[in-house]
Each structure stands twice: as structure tokens, then as C-alpha cells.
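[1] the sequence and its predicted three-dimensional model are supplied below.
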Amino acid sequence: MGDKSDIEQAVKNILTTQWASRKGQVIPSADDLTLGNDAVLLDGTILYADLDGSTKMVDGHPPWFAAEIYKAYLLATAKLIRTEGGEVAAYDGDRVMGVFIGARKNTSAVRCALKINWVVQKVINRLIKAEYPQRSFAVKQVVGVDTSSLWIARTGVRGANDLVWVGQAANYAAKLTELGSAHPTWITHRVFDAMHADVKHASDGREMWEKRRWTPMNELHIYCSNFWWRVD
């Protein structure tokens with residue numbers, strides 16, 4: 001059969017096959033699901049971390065320099081996600097998605113976001129300046145965090161497939177990163193309401209978050225912060 005017939009049949013199978021879904025207790029891997037209509041349902045918190053201004057960086061610096069920045073940011077972010085008990089779910093160019101589950105998933109994800117801000121400002125940018133003093137460059141980045149029920153399925157073709165994360169948290173966390181790095185951390189009210197007081201107030205008692213209305217998203221209440229969490 002030709003490509004058109006193959007695609008038509010595959011799409012028809014997807015649209016007509018009943019889903020087999022089950023409640024998950026752990027973050028699944030691709031091997032835990034089939035390529036059919038097979039899904040895991042999970043309550044999770046999604047952290048989406050994104051380099052800001054990467055197109056400008058690629059246009060204005062050599063490829064090897066941009067690659068070093070990508071690698072440094074993605075490595076640091078992935079390590080912090082795991083340190084806070086999350087799992088790296090996907091890389092997408094200059095972005096990384098982390099997933100957190102469990103009773104403290106919102107607190108852990110937010111603390112991770114604040115740690116990413118500290119590491120970028122206090123470690124990565126310091127080392128870039130020390131190694132390349134002649135270059136006028138500093139990493140800017142933004143992290144979005146949201147929480148919801150998630151529908152996780154395996155998508156693609158044999159030999160080239162991955163998990164797709166369907167749910168508000170996956171979409172909203174990614175869209176929050178579009179609000180810009182002037183405030184490096186953005187979270188929804190669902191996360192704010194559920195997270196521990198430790199990540200709401202600074203050690204000196206200051207409120208760490210500024211409440212906003214997300215006008216394009218039905219006036220959803222969201223919060224932004226310029227604070228960080230020191231990494232030892």
C-alpha cells in the first residue's frame with residue numbers, strides 16, 4: 001500500500017479503537033505503553049524550562065558557543081529536576097520538561113524552578129563571563145509550572161516514538177514560558193494554592209510572588225517571581 005492508504009488506515013484505527021487506560025502510581029516510560037490506544041492517567045505537576053532569546057543567540061554567536069549554552073542550561077536544569085524528585089520527560093531544542101508526582105509535587109517543582117534561577121544567575125553566567133570575558137552575553141530563561149490530571153500515551157511510529165503528555169498542566173506550563181524572562185518563574189493559582197509556605201515567603205518574611213491575571217487564558221490567576229533558592 002502507498003503512504004496515503006497507510007496513513008488513512010492508521011488514523012482510522014486510532015479514531016475507532018477503544019482506549020485502554022489505567023491509573024498510574026509512577027511516572028511511566030515509553031516502554032510502559034504500547035503504540036495503540038493505551039494510556040496512563042496520572043496527577044502530576046509539570047515544569048517547563050525555556051531559554052529566552054535563543055534565536056538571537058544563534059544569530060549573533062558561533063554555533064559552538066550556542067551549543068555550549070544549550071548544553072550547560074539543559075544539563076543544570078535536568079540535574080535540578082532530578083534532585084527535587086522529578087523526572088525529565090522531554091527535551092525540545094532549548095527547552096526541557098520535568099514531571100513531579102506525589103504529595104509534595106507542587107512544592108518540589110516550584111523549589112526546582114527557583115533553584116534553576118539561582119544556578120543560571122550565580123553559576124552559569126559567572127562561568128560564561130570568566131571563560132569568555134570578551135563576549136557580551138548572559139543566559140536569560142523562564143520556567144512555567146502547572147498541575148493537573150494528565151493523560152499519557154505513546155505516539156509516533158515503530159523506531160521513532162515518544163510519550164505525549166495531554167492535560168492542562170503540560171500546555172499551561174509551556175505557555176507560561178512565553179510570558180518572558182523579566183520574571184524567571186511563573187506558576188498557576190493551582191500550584192500556588194497547593195504549595196508549602198516555604199516557597200511562598202522568603203526567609204525574611206517577604207512575599208515572593210506577585211499575583212497577575214492571565215488575560216489571554218480566560219483571566220486565569222497566575223503568579224510570577226524574581227526570587228531564587230540557593231543551591232549548595
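    Okay, I see it.

[2] who touches the helix or strand of the chain with the lowest mean pLDDT?
    Of all helical and strand segments in the chain, the minimum by mean pLDDT, DSSP states H and E falls on helix 54-60, at a mean of 84. By CB atoms under 8 Å, 6 or more residues apart in numbering, the surrounding residues in contact with helix 54-60 are 51, 66, 69-70, 93-94, 137. Every residue, glycine included, has its C-beta placed from N, CA and C.

[3] distance check, residue 130 against residue 47.
    Applying CB to CB, to the nearest Å, one obtains 28 Å for the distance of residue 130 from residue 47.

[4] tell me the centre residue of this protein?
    For the chain, residue 48 is the residue whose C-alpha lies nearest the centre (CA atoms, centre = their mean; 1.6 Å).

[5] count of neighbours near the spatially closest residue to it that is not a sequence neighbour?
    Taking CB to CB, 6 or more residues apart in numbering as the measure, residue 48 lies nearest to residue 173, with 4.1 Å between them; neighbours along the chain are not counted. The criterion is other CB atoms under 10 Å. On that basis, residue 173 has 31 neighbouring residues.

[6] do residue 6 as well
    Residue 6: 10 surrounding residues under other CB under 10 Å.

[7] doesn't it lie inside a helix?
    Yes: note on residue 6: a helix contains this position according to DSSP: H, G, I helix; E, B strand; the rest coil.

[8] ok so, going back, now the next helix or strand after the least confident helix or strand of the chain: buried residues?
    On the C-terminal side of helix 54-60, the closest following helix or strand by DSSP states H and E is helix 63-83. The neighbour-count check on helix 63-83 (16 or more other CB atoms under 10 Å) flags 65-66, 69-70, 72-74, 76-78, 80-81 as buried.

[9] my guess is residue 39 meets residue 153, correct?
    Yes: under the criterion of CB atoms under 8 Å, residue 39 lies in contact with residue 153, with a separation of 4.7 Å.

[10] overlap in contacts of the two?
    Residues within reach of residue 39 and of residue 153 at once, by CB under 8 Å, 6+ apart, are residue 33.

[11] tell me who's in contact with the residue nearest to the centre of the chain.
    If you count contacts by CB under 8 Å, 6+ apart, then residue 48 has 95-98, 143-145, 173-174, 176-177 around it.
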